[in-house]
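Visitor: Sequence and predicted structure are below.
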Amino acid sequence: MVLIATMIALTGCAAPARVGPGDVVASMPVASAASVTPLSMPESTTPDLAQQVLSNLTVDQKIGQLLMVALTRGNSPSGLADLVSHGETTGVLLLGNGWGNDAVSQAVNALLQQNADQPVGLYITADQEGGKVQRLSGDGFDRIPAATVQGTWTTDDLTTAATKWAQQLSAAGVNLNLAPVTDTVPNSMRASNKPIGALQREFGSDPDLVGAHAAAFIQGMTAGGVQTCPKHFPGLGRVTGNTDFSTVGIVDSTTSRDDALLTAFTAGMAAHPAMVMVSLATYSLIDPDNPAAFSQIIVTQMLRGDLGWDGVVISDSMDAAAVKAIPVAQRGVDFIKAGGDIAIFPGVSDLKTAAAGIKQQIDASPDFAALVDAAVLRVLQAKNAAGLLG
């Protein structure tokens, strides 16, 4: 697949154009871009609305916009009632495969009722990738093939399919899909790469193909009314361990700051997703001392600086084995300091502990408080694009 000509410049090239979820691309020769309506901010609601909402939020509500909680299939949304009704979470991630339409509708209706008195709408979120990672299924949802199959389709066909999948998600109340996987897995590592290759979650082993298909998937989801999130920057294709479950095999000693595999992410970002997810692996050639989500080099200098990403940065699950050694109260603080915005804490208890840690740091540091405000503004701008403000 031909590399997208409009990609943002990598390290060592000319200063990159800033890329965010509301930008418009002058030329995007992937997947019939002319037929795609981007999820950009409506003309009647300018970015000033996000700033206005920010100025009226309490400190606790600001912190809430930076923390996402999970609802596991089979659990009642009433367990999240207090958190949601007080604006202490930016949204709810539907966890576990097997969510049917009735269960989703009941959960979404309950969550929206709990959130009714809050000034900011909720992200209702799922991992709807396809293959072994498809949270919503059954009546009303297509069976989505694995990404390895999607990667064999033309980009036009993938955009068309993703548009339909997004329409199904939107009809169920889901407005954010934590997809597509934009990691490139070398052919030699497909079997040994536990988080991606072994589960057939990658579009392919060529970063040009991966980037083009990630962009096509994002464009289709956008056309269907659902925001997206390419993941797991700067890539999980060269590790052997799964950061969710293991502390072994989660150091990437190959990926560099100007690595060729990063072109897949620049292509995905050029299609204007709402956010980019940062991994919890460690990249020894870039920052050997910190997992990516806690690395200012990777999040601020590399993703935001080298690659020009201006939008929301979201973490992988902060209850993962990869970060268990770091106190829960410190994880959200370290993520924000690195340049991140939304941290996923699946459990209510951990989320509240993380919130308390962030609040303590706000009280102690005006500089950190300014980072929080900047992060919240990015989240509100993305929610504005999704129609969740006003």
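Guide: Done, it's in.

Visitor: what's the pLDDT at G390?
Guide: Reported pLDDT at G390 in the predicted model: 75.

Visitor: wait, doesn't it sit right on Q52?
Guide: No: with contacts defined as Cβ atoms under 8 Å, G390 does not count as touching Q52, sitting 9.3 Å away. (Glycine included, C-beta is placed from N, CA and C.)

Visitor: who touches both of the two?
Guide: Taking Cβ atoms under 8 Å, 6 or more residues apart in numbering as the contact criterion, no residue touches both G390 and Q52.

Visitor: Okay, buried residues for stretch 200-208 please.
Guide: In terms of neighbour count (16 or more other Cβ atoms under 10 Å), stretch 200-208 has its buried residues at 200-208.

Visitor: hmm, I was thinking of stretch 174-191
Guide: Neighbour count says stretch 174-191 has 174-186, 189-190 buried, by 16+ other Cβ under 10 Å.

Visitor: Check stretch 136-147 too.
Guide: By 16+ other Cβ under 10 Å, the buried positions in stretch 136-147 come out as 136-137, 141, 144-147.

Visitor: As JSON lines, the residues you listed with secondary structure would be great.
Guide: Shown next, in JSON lines, are these (DSSP: H, G, I helix; E, B strand; the rest coil):
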{"residue": "L136", "secondary structure": "strand"}
{"residue": "S137", "secondary structure": "coil"}
{"residue": "F141", "secondary structure": "coil"}
{"residue": "I144", "secondary structure": "coil"}
{"residue": "P145", "secondary structure": "coil"}
{"residue": "A146", "secondary structure": "coil"}
{"residue": "A147", "secondary structure": "helix"}
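
Visitor: Between the residues you listed, which sits nearest A214?
Guide: Using Cβ to Cβ, A147 comes nearest to A214 of those, at 9.4 Å.

Visitor: ok, the closest one touching P180?
Guide: Yes: between A147 and P180 there is a contact under Cβ under 8 Å: 7.0 Å.

Visitor: residues shared between the contacts of the two?
Guide: Taking Cβ under 8 Å, 6+ apart as the criterion, A147 and P180 both touch 129, 203, 213.

Visitor: Am I right that G74 is in a helix?
Guide: No: under three-state DSSP, G74 sits outside any helix and is assigned coil.

Visitor: what's the residue lying closest to it once chain neighbours are set aside sitting at in phi/psi?
Guide: Nearest non-adjacent residue to G74, counting by Cβ to Cβ, 6 or more residues apart in numbering: G96, 7.3 Å away. Per-residue torsions, G96: phi 90, psi 140 (degrees, to the nearest 10).

Visitor: Now do the contacts for G96.
Guide: With contact set as Cβ under 8 Å, 6+ apart, G96 has these partners: 72-74, 135.

Visitor: Just give me the closest of the shared contacts of A147 and P180 to D350.
Guide: Nearest to D350 among these, counting by Cβ to Cβ, is E129 at 24.6 Å.

Visitor: Next, report how far the helix or strand harbouring the closest one is displaced from the centre of its chain.
Guide: E129 belongs to strand 128-130 when assigned by DSSP states H and E. Taking Cα atoms, centre = their mean, to the nearest Å, the mean C-alpha location of strand 128-130 is offset from the chain mean by 13 Å.

Visitor: Same check on stretch 265-272?
Guide: Distance of stretch 265-272 from its chain centroid, counting by Cα atoms, centre = their mean, is 13 Å.

Visitor: Only the C-alpha atoms, please, for that stretch, written as CSV.
Guide: Extracted C-alpha coordinates of stretch 265-272, given in CSV (Å, rounded to 0.1, in the frame of the first residue of the first chain):
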residue,chain,number,x,y,z
PHE,A,265,0.3,6.1,13.6
THR,A,266,0.9,9.3,11.7
ALA,A,267,-1.4,7.9,9.0
GLY,A,268,-4.1,7.1,11.5
MET,A,269,-3.7,10.5,13.2
ALA,A,270,-4.1,12.2,9.8
ALA,A,271,-7.6,10.7,9.6
HIS,A,272,-8.5,12.8,12.7
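
Visitor: re earlier: if any of the contacts of G96 are buried, put those into a ChimeraX selection.
Guide: Buried residues within those, by 16+ other Cβ under 10 Å, are selected in ChimeraX with:
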select :73,135
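
Visitor: N97: what's it in contact with?
Guide: Residues counted as contacts of N97 (Cβ under 8 Å, 6+ apart) are 73, 132-135, 137.

Visitor: Repeat that for D259.
Guide: 234-235.

Visitor: can you rerun that using 10 Å?
Guide: For D259, the contact set (Cβ atoms under 10 Å, 6 or more residues apart in numbering) comprises 10-11, 184, 207, 234-235, 238, 252, 265, 283, 285-286.

Visitor: Closest one to V276 out of these, please.
Guide: The closest of the contacts of D259 to V276 turns out to be F265 (Cβ to Cβ; 7.3 Å).

Visitor: Hmm, that closest one is touching W309, no?
Guide: Yes: judged on Cβ atoms under 10 Å, F265 makes contact with W309 at a distance of 8.8 Å.

Visitor: what about those two, which has more around it?
Guide: F265 (29 against 26; other Cβ atoms under 10 Å).

Visitor: I'd like the list of the contacts of D259 that fall within strands, please.
Guide: Counting by DSSP state E, the contacts of D259 place 252, 283 in strands.

Visitor: Give me the subset of the contacts of D259 that lies in helices.
Guide: Using DSSP state H, 207, 265 are the members of the contacts of D259 that sit in helices.

Visitor: Would you mind giving the contacts of D259 as JSON lines with distance to S365 added?
Guide: Formatted as JSON lines, these follow (distance: Cβ to Cβ, whole Å):
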{"residue": "L10", "distance to S365": "33"}
{"residue": "T11", "distance to S365": "30"}
{"residue": "T184", "distance to S365": "38"}
{"residue": "P207", "distance to S365": "39"}
{"residue": "P234", "distance to S365": "28"}
{"residue": "G235", "distance to S365": "32"}
{"residue": "R238", "distance to S365": "36"}
{"residue": "D252", "distance to S365": "31"}
{"residue": "F265", "distance to S365": "31"}
{"residue": "Y283", "distance to S365": "27"}
{"residue": "L285", "distance to S365": "31"}
{"residue": "I286", "distance to S365": "26"}
